[in-house]
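In: What follows is a predicted protein model with its sequence.
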Amino acid sequence: MLDIKFLRENPEIVKQNIRNKFQDRKLPLVDEVIELDKRNREIKQEVEALRAERNKLSKQIGGLMAQGKKDEAQAVKEKVAASAGRIDTLSEEEKDVEAKIKERMMVIPNIIDPSVPIGRDDSENVEVQKYGEPVVPDFEIPYHTEIMEKFNGIDLDSARRVAGNGFYYLMGDIARLHSAVISYARDFMIDRGFTYCVPPFMIRSDVVTGVMSFEEMDAMMYKIEGEDLYLIGTSEHSMIGKFIDTIIPAEKLPYTLTSYSPCFRKEKGAHGIEERGVYRIHQFEKQEMIVVCEPEDSMMWFNKLWQNTVDLFRSLDIPVRTLECCSGDLADLKVKSIDVEAWSPRQKKYFEVGSCSNLGDAQARRLRIRIVGDKGKYFAHTLNNTVVAPPRMLIAFLENNLQADGSVRIPEALRPYMGGKSEIR
């Protein structure tokens with residue numbers, strides 16, 4: 001959510017930002033907010049004047065009564081009562097106007113960084129850099145579920161009977177590999193100075209609306225019936241929510257946290273052949289990283305965060321590339337975002353395995369996360385990034401480490417988490 005003072009003073013910048021995100025339907029909101037804000041300030045001024053006048057008149061009543069001027073005192077009392085009635089009316093209008101302002105401000109997108117390429121959707125994202133040499137072996141790479149099935153490592157049919165489409169049972173060595181990747185990612189981030197955390201897997205509605213846009217909320221979140229609770233779509237939600245309504249001493253920053261959680265997503269509107277198997281599912285596990293920091297440090301941390309993901313995948317011999325997300329592919333709260341994509345030898349192309357985002361002060365403003373220091377009180381900046389999210393990461397792992405005889409090589413870094421095994425058969 002933008003600072004209303006910024007919107008008031010820079011309406012054309014806000015409108016151009018909306019155009020850059022190809023959300024022209026939201027352009028009228030800017031003028032509506034300006035008009036509502038003008039009315040809100042008029043109300044506050046009138047209420048302030050009425051209260052000052054009421055206080056002045058109230059003081060007169062005692063003096064008039066002391067002088068025996070009861071009629072005049074009664075007339076003043078009636079003025080005070082009328083003033084109080086007007087204040088009550090204006091106060092109700094003020095609540096209504098402020099609710100309308102907030103409703104509109106919550107859907108006006110955050111100002112994107114000047115470095116973000118302008119584009120309509122993810123097809124116009126820009127490749128930044130490749131890491132590692134993509135290899136296509138001289139033997140056929142089966143679809144990932146076929147690889148897993150050869151190890152008796154997945155049961156989709158039973159999962160469908162138990163929970164429906166979009167769920168799975170992982171078994172045996174594949175399940176162990178899944179857990180090994182999560183454990184390795186946890187220790188990888190701890191070694192980089194991040195504090196490990198296991199957060200709540202459910203959050204209240206005020207946290208949900210604090211960390212994401214309404215469009216994301218509708219497409220992702222599962223609501224717990226009869227309660228003000230939602231299942232998290234990523235641990236970033238509860239990790240950033242951890243700081244709701246806090247004032248953080250500047251000397252304690254940055255907070256660098258890495259968190260494990262299951263994740264639950266509707267995946268509304270997900271279609272396509274690559275959605276089969278465990279590519280796009282309703283339940284998965286993930287290791288995440290988040291940072292709460294000083295505003296001037298957020299871009300430095302942004303670059304550190306996505307580099308962590310690149311380094312982790314390369315330590316497991318998986319080629320990756322980074323993509324700069326264009327303006328139209330950025331969720332409304334994001335200032336800048338980079339996707340990390342892993343190489344798929346089967347598809348002969350890269351696919352997304354993680355996303356790093358700088359949200360500026362958008363989440364902090366919604367959740368009231370402030371810093372106090374030499375500069376007074378001001379909003380923190382928040383960032384998040386995927387460390388690793390199996391089972392999607394397993395797809396990249398299995399394809400890139402599959403050998404001609406059908407076995408899967410275990411990179412050296414992962415072997416301690418797999419009981420010392422160098423391969424699975």
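Out: Thanks, I have the structure now. Please read all numbers here as calculations on a predicted model, not as lab measurements. Residues are numbered from 1 along each chain as shown.

In: Any idea how many residues pack against the closest residue in space to residue 51 that isn't next to it in sequence?
Out: The spatial neighbour of residue 51 that comes closest, neighbours along the chain excluded (Cβ to Cβ, 6 or more residues apart in numbering), is residue 87 at 6.6 Å. For every residue, glycine as well, the C-beta is placed using N, CA and C. The burial count assigned to residue 87 is 17, neighbours taken as other Cβ atoms under 10 Å.

In: For the stretch 101-250 of the chain, just list every one of the strands.
Out: 126-131, 154-155, 169-170, 195-197, 202-203, 222-223, 230-231, 246-249 (DSSP state E, counting those that start in this stretch).

In: what's the average pLDDT for the helix or strand harbouring the residue nearest to residue 51?
Out: Remark: residue 87 resides in helix 70-105, with elements defined by DSSP states H and E. When pLDDT is averaged over helix 70-105, the result is 89.

In: try stretch 282-294
Out: Along stretch 282-294, the predicted confidence averages to a pLDDT of 96.

In: Then stretch 251-259?
Out: pLDDT averaged over stretch 251-259 equals 98, rounded to a whole number.

In: contacts for that stretch?
Out: 186, 189-190, 193-199, 235-236, 238-239, 243, 248, 287-294, 297, 301, 371, 373, 380, 387 (Cβ atoms under 8 Å, 6 or more residues apart in numbering).

In: Going through the residues you listed, which ones are buried?
Out: 186, 189, 194, 197, 199, 235-236, 238-239, 243, 248, 287-294, 301, 371, 380, 387 (16 or more other Cβ atoms under 10 Å).

In: For the helix or strand of the chain with the lowest mean pLDDT, which residues meet the burial criterion?
Out: Of all regular secondary-structure elements in the chain, judged by mean pLDDT, DSSP states H and E, the least confident is helix 214-220 with a mean of 82. With burial defined by 16+ other Cβ under 10 Å, the residues of helix 214-220 counted as buried are 217, 219-220.

In: how about those in a markdown table, adding distance to residue 208?
Out: Below are the buried residues of helix 214-220 laid out as a markdown table (distance: Cβ to Cβ, whole Å):
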| residue | distance to residue 208 |
| --- | --- |
| 217 | 6 |
| 219 | 12 |
| 220 | 9 |
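
In: Residue 342 and residue 322 touch, don't they?
Out: No - using Cβ atoms under 8 Å, residue 342 is not in contact with residue 322; the gap is 11.2 Å.

In: What are the boundaries of the strands in the stretch 301-425 of the chain?
Out: Ranges of strands in the stretch 301-425 of the chain, per DSSP E, counting those that start in this stretch, are 320-324, 336-344, 349-358, 369-373, 376-379, 381-388, 408-409, 423-424.
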